[in-house]
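Colleague: okay, here's the prediction I keep looking at, along with the sequence it came from:
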Amino acid sequence: MRTDVRFPTNGLQLAGHLYLPEDGDGPFAAVVIGHQTTGVKEQSPAVYAARLVEEGFAALTFDAAFQGESEGTPRGLEDPFQRAEDFRAAVSYLATRPEVDSDRIGVMGVCGSGAYVPYAAQTDHRMKAVAGVSGTDVPSFFRGADPEGWQRMVANSGNLRSAEAAGEPAATFAVLPEKADADTPAPTAEFIDYYKTPRGGHPRSTGDVVVRSADLLDQFDSFADVAKIAPRPLLMIAGTEAVTRGFSERAVADSPGNAELFLVDGATHVDLYDRDQYVTPAVAKLVEFFGKHLV
């Protein structure tokens, strides 16, 4: 019961997949599911959508603007403010569907979307329940890896905008090398094992990001106002071995009693993308969470 759909956001058309349960006529409670940074809807969002629809939820996955099958140039732009707007647009689209109960819409995201979703939900009260899986504040992640290199990218972003205005193509950088070697840090190696192999690789998940995304990302803080989500519930799911676990811990710590941290024992960041032994307990928690709060 998967249907290709399109819906607007800031003058662009987003490409999505709408999943509907085979049993029942609805209207169903629904969950918007966002993809990881440099990812597409056919990757982790499809894994979680298939599980949630089996439990009676409708699910909407989509490609972010400037990425995947969605519109927007330059391709590969990572605009965190637009990413948040995409989630608002997805909720608006679901609210128009007769199969969906517009008063029972939740949102969740994986990796970068696991931080964009809480940001969008801070002021969009249509999002009745909010969840992140391996949630990652993207600028903090990049900044932490190479603070000086990151600031050089930010400082050069204006020059790159001028170059684009003069007709030059947008400069991009590859987030990951094509292969890991003995010197590759373990967190990087696990991303390579997913994105650069048949395990999780997808032709539209290029791994290339527009360099001048840095000046947009550098002004963004996913969790600065996370307390605004309250009293609506927030669930952050992370692996005990995830390098990004701290982002989920911060989101919950900065929330006023409405948030829960659920740790999946033994899981790394990328394990929660697709590995069944870790996805299964995460999905069980999500079903419990959305089942309780999308009533």
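Modeller: Thanks, I have the structure now.

Colleague: ok, and the closest non-adjacent residue to residue 68?
Modeller: residue 40 (4.1 Å; C-beta to C-beta, 6 or more residues apart in numbering). C-beta: built from backbone N, CA, C; applies to glycine.

Colleague: SS state for the one you found?
Modeller: Secondary structure assignment for residue 40 (DSSP: H, G, I helix; E, B strand; the rest coil): coil.

Colleague: what do you get for residue 236?
Modeller: Here residue 236 is strand, with the state taken from three-state DSSP.

Colleague: i'd like the first residue to be 541 from this point on
Modeller: I'll keep to 541 as the first residue from here, and by that count the last item is residue 776.

Colleague: per-residue pLDDT of it, please?
Modeller: Here, the pLDDT recorded for residue 776 equals 98.

Colleague: mind giving me the packing neighbours of the one helix or strand residue 668 maps to?
Modeller: Residue 668 belongs to strand 667-673 when assigned by DSSP states H and E. Applying 3 or more C-beta pairs under 8 Å, 6 or more residues apart in numbering; DSSP states H and E, one finds that strand 667-673 contacts strand 640-650, helix 653-661, strand 774-779, helix 816-833.

Colleague: which parts of this protein are strands?
Modeller: According to DSSP state E, the chain carries its strands in the segments 542-549, 552-559, 568-574, 598-602, 640-650, 667-673, 712-714, 748-750, 774-779, 799-804.

Colleague: quick one: these as CSV, columns for distance to residue 620 and mean neighbour count too.
Modeller: Below are the strands of the chain laid out as CSV (distance: least, C-beta to C-beta, whole Å; neighbours: other C-beta atoms under 10 Å):
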stretch, distance to residue 620, mean neighbour count
strand 542-549, 14, 15
strand 552-559, 16, 21
strand 568-574, 12, 28
strand 598-602, 16, 28
strand 640-650, 12, 24
strand 667-673, 14, 27
strand 712-714, 17, 14
strand 748-750, 12, 20
strand 774-779, 18, 26
strand 799-804, 21, 19
